[in-house]
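Engineer: pasting the structure only:
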Ligand SMILES: NC(=O)C1=CN([C@@H]2O[C@H](COP(=O)(O)OP(=O)(O)OC[C@H]3O[C@@H](n4cnc5c(N)ncnc54)[C@H](O)[C@@H]3O)[C@@H](O)[C@H]2O)C=CC1
Ligand SMILES: CC(C)CC(=O)C(=O)O
Ligand SMILES: [Mg+2]
C-alpha cells in the first residue's frame, strides 16, 4: 500500500478487467498483481473480469454484447491486455476482435485521446547508438481517421476489385484532440507540440488538421509549434528522437509511430498507453501498446512491464499520482537490475516489480 498526497477520493475503485487474448492474459495478471500492492491507502479495487476475446467469440459468436458494454460503462476505469489472433488467422474474420471489441470500446466510450508516452527509462536499452534524452508523448486521435470502418469493397475476388478505407476527420474530433495536446504540451517543461500528418498529399484531412492546429496555437503563445510530414518524422524518430516533446497526430499515423517509438525506447514490452476520455463521460481504458503476440503466447516470455506501466497510467488518471509514481519507480529499479541476456518469466518480472513496490 502507498499513501497518496492528492487522492481523487477514497473507497472503492470499480475496475473492469479485460485480459483478452494471447499474452494479454499473461501480462494483465502481472499488472493486477502490482496494482494490488500499489493501491493507495484506504482504496480498494473491486474488479469485474470480462472474458471477451477470441475464445469467447469462437465458442459463442459473441464479441461485445450490448449488455456487457453497458456494464463496463459503469466502472471507474478499464484495464485491457490485448485482443486478436495470429495476423490473418483463417479462423477469425479480419478485424472481428480489433474492430468489434477494441475499437468499439474506444469509440463507444469516447476515448478520443490515445495517450502513448515514450521515454528511455534509466536502465532501458535503446537500439540507437546515441538517442539522447528521449521523453515524448504521442497524443493519437482515438475515434476517427481510417479506423471508423468507413469504406467498402466492390467486385471482391475479381481482377477488377476496388477496396476503400475512408479516413474520417471531423472539425469537432480534430479540434478537441488538438486542444488536449496543446494543454498537455503547456504543462510540460519544454512546451513543444509537433503536428505530424501528410498535408502535402492527404490534402483534405491535412488542411483541416493544419488550420485547426494553427487556430488553437494562437491560444497558446507559450507552446512552440512544429510540423512534420509523417515520413520525415520517422527519419527524425530514429536519428534525433530527443527533439520531440508532444506529438499530435491522427489514428493511423499514431498507431504506427508508437510502435516505432516503443522500439527505440527499449522495446514493445515497455510501451504503455491510455485510451482517455478527457471529459470523463465514460471510463478510460489502459492497455499496453502491443498486441496479443501469438508467436510467444502461453510461454511466459512476454514482458509485462508495458501492462504494469499502463496500470500506473490508470492510477494517475484516477488522481492517485503518488501510487502511480511508486509503480514507475519500481519499474525503473527493475530495469536497472535486469541482466542482459538473462530471460525471466513473465510472472518473475511481475513478482520483482511488485516486491519493489512493497519495498
Ligand atoms: N491493443 C490491442 O489489443 C492490439 C491487438 N493487436 C492484435 O494482436 C495480434 C498480433 O499482432 P502483431 O502485429 O503480431 O503485434 P504484437 O504487438 O502482438 O507483436 C509484435 C511482436 O512483438 C512481440 N511482443 C509484443 N508484446 C510483447 C511483450 N510484452 N514482450 C515481448 N515481446 C512482445 C511479439 O512477440 C511479436 O514478435 C493481432 O491479432 C493484432 O490485430 C495488435 C496491436 C494492438
Ligand atoms: C489492433 C488495432 C485496432 C489497434 C492497434 O494496433 C493499436 O491501438 O496500437
Ligand atoms: Mg498498434
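Structural biologist: Happy to help now that I have it. Since the structure is predicted, the reported quantities are computational estimates derived from the model, not experimental observations. Ligands and ions are numbered 1, 2, ... in the order given.
Engineer: which residues of this structure fall in strands?
Structural biologist: Ranges of strands within the chain are 11-20, 43-49, 77-82, 113-119, 135-141, 151-154, 162-165, 192-197, 224-229, 246-249, 272-276, 284-288, based on DSSP state E.
Engineer: need the ones you listed in a markdown table with distance to ligand 1 and mean neighbour count, can you?
Structural biologist: Quick note: C-beta positions are derived from backbone N, CA and C, even for glycine. Listed next are the strands of the chain as a markdown table, based on distance: least, Cβ to the nearest ligand atom, whole Å; neighbours: other Cβ atoms under 10 Å:
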| stretch | distance to ligand 1 | mean neighbour count |
| --- | --- | --- |
| strand 11-20 | 6 | 20 |
| strand 43-49 | 17 | 14 |
| strand 77-82 | 4 | 26 |
| strand 113-119 | 10 | 23 |
| strand 135-141 | 12 | 24 |
| strand 151-154 | 18 | 11 |
| strand 162-165 | 15 | 11 |
| strand 192-197 | 20 | 24 |
| strand 224-229 | 24 | 16 |
| strand 246-249 | 17 | 28 |
| strand 272-276 | 8 | 25 |
| strand 284-288 | 6 | 28 |
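Engineer: as TSV, those strands with mean pLDDT would be great.
Structural biologist: Formatted as TSV, the strands of the chain follow (pLDDT from 0 to 100):
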stretch	mean pLDDT
strand 11-20	96
strand 43-49	95
strand 77-82	98
strand 113-119	98
strand 135-141	98
strand 151-154	97
strand 162-165	98
strand 192-197	99
strand 224-229	98
strand 246-249	99
strand 272-276	98
strand 284-288	98
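Engineer: any chance of a markdown table for those strands, columns distance to ligand 2?
Structural biologist: A markdown table is the format used below for these (distance: least, Cβ to the nearest ligand atom, whole Å):
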| stretch | distance to ligand 2 |
| --- | --- |
| strand 11-20 | 11 |
| strand 43-49 | 21 |
| strand 77-82 | 8 |
| strand 113-119 | 7 |
| strand 135-141 | 8 |
| strand 151-154 | 15 |
| strand 162-165 | 13 |
| strand 192-197 | 16 |
| strand 224-229 | 20 |
| strand 246-249 | 13 |
| strand 272-276 | 7 |
| strand 284-288 | 8 |
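Engineer: minimum distance to residue 258: which of the ones you listed has it?
Structural biologist: Among the strands of the chain, the nearest to residue 258 by Cβ to Cβ is strand 113-119 (4.4 Å).
Engineer: what's next to the closest one, contact-wise?
Structural biologist: 106, 134-142, 177, 180, 241, 251, 254, 258, 261-262, 264-265, 271-278, 289, 313 (Cβ atoms under 8 Å, 6 or more residues apart in numbering).
Engineer: can you check stretch 94-110 too?
Structural biologist: Outside stretch 94-110, the residues that touch it by Cβ under 8 Å, 6+ apart are 20-21, 52-54, 57, 63-64, 69, 72-73, 78, 80, 83-85, 88, 111, 114, 142-143, 147-149, 275, 277, 279, 281-285.
Engineer: what's the end-to-end length of that stretch?
Structural biologist: End-to-end span of stretch 94-110 (Cα to Cα, to the nearest Å): 23 Å.
Engineer: got a list of what the closest residue in space to residue 255 that isn't next to it in sequence touches?
Structural biologist: Leaving aside its sequence neighbours, residue 255 sits nearest to residue 140 (Cβ to Cβ, 6 or more residues apart in numbering; 6.8 Å). Contacts for residue 140 (Cβ under 8 Å, 6+ apart) come out as 113-116, 249-251, 253-255, 257-258.
Engineer: for residue 140, name its beta-bridge partners.
Structural biologist: Per DSSP bridges, the residues bridged to residue 140 are residue 114, residue 249.
Engineer: against residue 250, how distant is it?
Structural biologist: The spacing between residue 140 and residue 250, counted by Cβ to Cβ, to the nearest Å, is 7 Å.
Engineer: the stretch 101-250 of the chain: helices as residue ranges?
Structural biologist: All helices of the stretch 101-250 of the chain, identified by DSSP state H, counting those that start in this stretch, fall at 104-108, 171-187, 203-217, 230-239.
Engineer: could I get these as TSV with mean pLDDT, mean neighbour count and distance to ligand 2?
Structural biologist: Formatted as TSV, the helices of the stretch 101-250 of the chain follow (pLDDT from 0 to 100; neighbours: other Cβ atoms under 10 Å; distance: least, Cβ to the nearest ligand atom, whole Å):
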stretch	mean pLDDT	mean neighbour count	distance to ligand 2
helix 104-108	98	19	8
helix 171-187	98	19	15
helix 203-217	98	17	19
helix 230-239	98	15	16
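Engineer: do you know the pLDDT at the residue nearest to residue 332 when sequence neighbours are not counted?
Structural biologist: In this structure, residue 332 finds its nearest non-sequential neighbour in residue 121, 5.2 Å apart by Cβ to Cβ, 6+ apart. pLDDT for residue 121: 96.
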